[in-house]
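> Give me coordinates for this.
(2 chains)
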Amino acid sequence: MDLKALAERLLPGDYPALSYYEELYPPRDLEKGAEVTRLAPSPTGFIHLGNLFVAIANERIAHQSGGVLYLRIEDTDEKRRVEGAVEAVKNALRYFDIRFDEGAEIEGAENKYGPYYQRQRTDIYRAFVKDLIVRGRAYPCFCTEEELSALREKQVAEKKITGYYGEYARCRTLSEEEIYRNLDEGKPYVIRLKSMGDPEHKLSFHDEIKGDITVTENDQDVVILKSDGIPTYHFAHAIDDHFMRTTLVIRGEEWLASLPIHLELFDVLGFRRPRYGHNCSLMKQDGETRRKLSKRKDPELSLEFYRQEGYFARAVKVYMLTLLNSNFEEWYRKNPDAPLESFRFSASKMSKSGTLFDLDKLNDISADELARLSEEEMLSFLKEWAEEYGTDAQKAYFKDEDYMKKVLALCMGTGSKKRRKDFKTASQAMGVISYFFSRPETHESYRVSPEDKRALLDSYLSSYDHGDDAQVWFAKLKEVAAENGFAAEMKAYKADPSAYKGSVADVAEVLRIAVTGHANTPDLWTILHILGEEEAAARIRAAREEA
RNA sequence: GGCCUUGUGGUCAAGCGGUUAAGACGGCGCCCUCUCACGGCGCAAUCCCGGGUUCGAUUCCCGGCAAGGUCACCA
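Below you'll find the predicted structure:
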């Protein structure tokens, strides 16, 4: 068969010599050891925690080695495309401090390995497909969807391995006349790889994350060019990662199963293979079982969700890093003030097994991270969040920034010897401080009886002097307790609880709930003084009236 | 079902032939204390199972089992 003529019929026209592309995309001039990694999302615009997980690993590996991180858009599937997706992905990643050196819509001088949209690279793919046809390593396949699924059913029934391979690869042995007849009839076709692999051959392969694994040779005649002339993922991966000079492919472990295909593709194309690291997926508990995060089932795990909740970007990053490299947590404990970038990230330290996403742990880290902020930093963090996601009432919290700073200083414990860790996310923090900005709509229940509550509030009001300092104020509170049959000293109360109606703690609680609505708050005296005499007194009187 | 990967407390995990089997989150208790938070102290809880190899296996080998992934003209 005249393969050259066939190739010309299938892909007419002049394509550049393959060496042209080698020269157009020369090996990168980088230091020894510098890694070139990439993120290659399809443009659905949806990006979740699992994507961030892999993104951080790629970013760290590239940048700590003095290498390059680039963004490639895998838009070979028309059905998946969503408008504005690339911008959305870039924004979401930027929030978590993932910066690309080059790639799709990335400004900068180093864009010579583009284009970075696969749809704009079809000439390159076709040139190589054409060469493969000439070399007899690729062929047209006219099988219809129905024929393929019939084949599949037959294989399942016979308990054979499913797929297009060996004797089942019917179009592989089509005669010249049959091929041209099909072509003349205008039958649609795809181009498949003519695989030379033998699945009996098992080979050892070094994965940068998993270590030494065994892979079997591929024998599937996979589609490399779809009927619309666009390559499949597998083929585009081989071409692009070669010509973009990727050195290390860190990707999700769902790709492990197709690794044999990729290896054969790199070999048949005569490309040097990149190194691979297959990252375990982030799992989610789903009833009795666990499964990997999915975009359809877990919209609450989208990066956008974390921004809406007001998670502190650095906290999410720290959490991801603790999951990614098991020695990170210890390092961070020892070097709390060192830049995150100075941690030596290592692919081989990445976890081999699926990790369950733990919101408790994230919240704990968030509280720690937020507790390191100054009140100015906290203010701008909350303000930025409120401007984008807050209610109108919450936006108004920031009209008087000095007042807000006092509130934050109290809730963060910045002035005092003991830091507080009340804040986990921006939205949660806004809820915590809400009583400083509006009267509480609900009050937690009081432990004391309504009669005692009224009596306590009355005596408190009668002796209250806004000029009292904290010590004097508390001494008076003790007097109020004693006058009403409550123990002034906790020790006395604990020694003999039956001798009193309660303790000064109960008295403080009455006041606290009256003013804030909550039984648990930071220092009450300070709250009273932030609110001001008038407002505080008004709240206490209101509580007394409803008693 | 075939193939691949992975199995240490509830979760994340250190460990790499001999350890009282780290640490963190969560839980529980105590202390501090006007509440909460912070902080301190303490407790409970783990090597998937069965065979080997070995003086000795969490660790090495084999076999099970379980979980996850994957078997498209989707990536």
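> Sheet-wise, list the partners of the helix or strand of chain A with the lowest mean pLDDT with their directions.
Scoring the helices and strands of chain A by mean pLDDT, DSSP states H and E places strand A:289-292 at the bottom, with a mean of 81. Strands that pair with strand A:289-292, judged by DSSP bridges, come out as strand A:282-286 (antiparallel).
> distance between the partner strand and the chain's centre?
Relative to its parent chain, strand A:282-286 has a centroid offset of 14 Å by C-alpha atoms, centre = their mean, to the nearest Å.
> Next, the buried residues of it.
The neighbour-count check on strand A:282-286 (16 or more other C-beta atoms under 10 Å) flags A:Leu282, A:Met283, A:Lys284 as buried. Placement of C-beta: from N, CA and C, glycine included.
> Then stretch A:316-336?
For stretch A:316-336, the neighbour count (16+ other C-beta under 10 Å) marks A:316-325, A:328, A:331-332 as buried.
> go on, stretch A:468-481?
Going by neighbour count (16+ other C-beta under 10 Å), the buried part of stretch A:468-481 is A:Trp473, A:Lys476, A:Leu477, A:Lys478, A:Val480, A:Ala481.
> From RNA strand B, how far out is the residue nearest to the second one when sequence neighbours are not counted?
To tie it back to what came earlier, the one meant is A:Lys476. Excluding its sequence neighbours, the residue lying closest to A:Lys476 (C-beta to C-beta, 6 or more residues apart in numbering) is A:Ser463, at 5.3 Å. Remark: distance between A:Ser463 and RNA strand B (C-beta to the nearest atom of the strand, to the nearest Å) = 16 Å.
> wait, isn't A:Ser463 in contact with A:Val480?
Yes: between A:Ser463 and A:Val480 there is a contact under C-beta atoms under 8 Å: 6.8 Å.
> Then A:Gln308 would be within a helix, right?
Yes: assignment of A:Gln308 by DSSP: H, G, I helix; E, B strand; the rest coil places it within a helix.
> RNA strand B next: which of the buried residues of strand A:282-286 are close?
Residues of the buried residues of strand A:282-286 in contact with RNA strand B (C-beta under 7 Å from any atom of the strand): A:Met283.
> ok, the buried residues of strand A:282-286 vs RNA strand B, which is closest?
Nearest to RNA strand B among those, counting by C-beta to the nearest atom of the strand, is A:Met283 at 6.6 Å.
> Spit out the contact partners of that closest one.
Residues in contact with A:Met283 (C-beta atoms under 8 Å, 6 or more residues apart in numbering) are A:Arg290, A:Arg291, A:Lys292, A:Leu293, A:Gly354, A:Thr355, A:Leu356, A:Phe357.
> where does the last one land on pLDDT?
The predicted local confidence for A:Phe357 comes out at a pLDDT of 91.
> Tell me, how many residues neighbour it?
19 (other C-beta atoms under 10 Å).
> Distance of the residue nearest to it when sequence neighbours are not counted relative to A:Lys90?
Once flanking residues are discounted, A:Phe357 sits nearest to A:Leu282: 5.3 Å by C-beta to C-beta, 6+ apart. Distance, A:Leu282 to A:Lys90, by C-beta to C-beta, to the nearest Å: 21 Å.
> coming back round to it: OK, contacts around the residue nearest to A:Phe357?
Applying C-beta under 8 Å, 6+ apart, the residues near A:Leu282 are A:Leu49, A:Gly50, A:Phe53, A:Lys292, A:Leu293, A:Leu323, A:Gly354, A:Thr355, A:Phe357.
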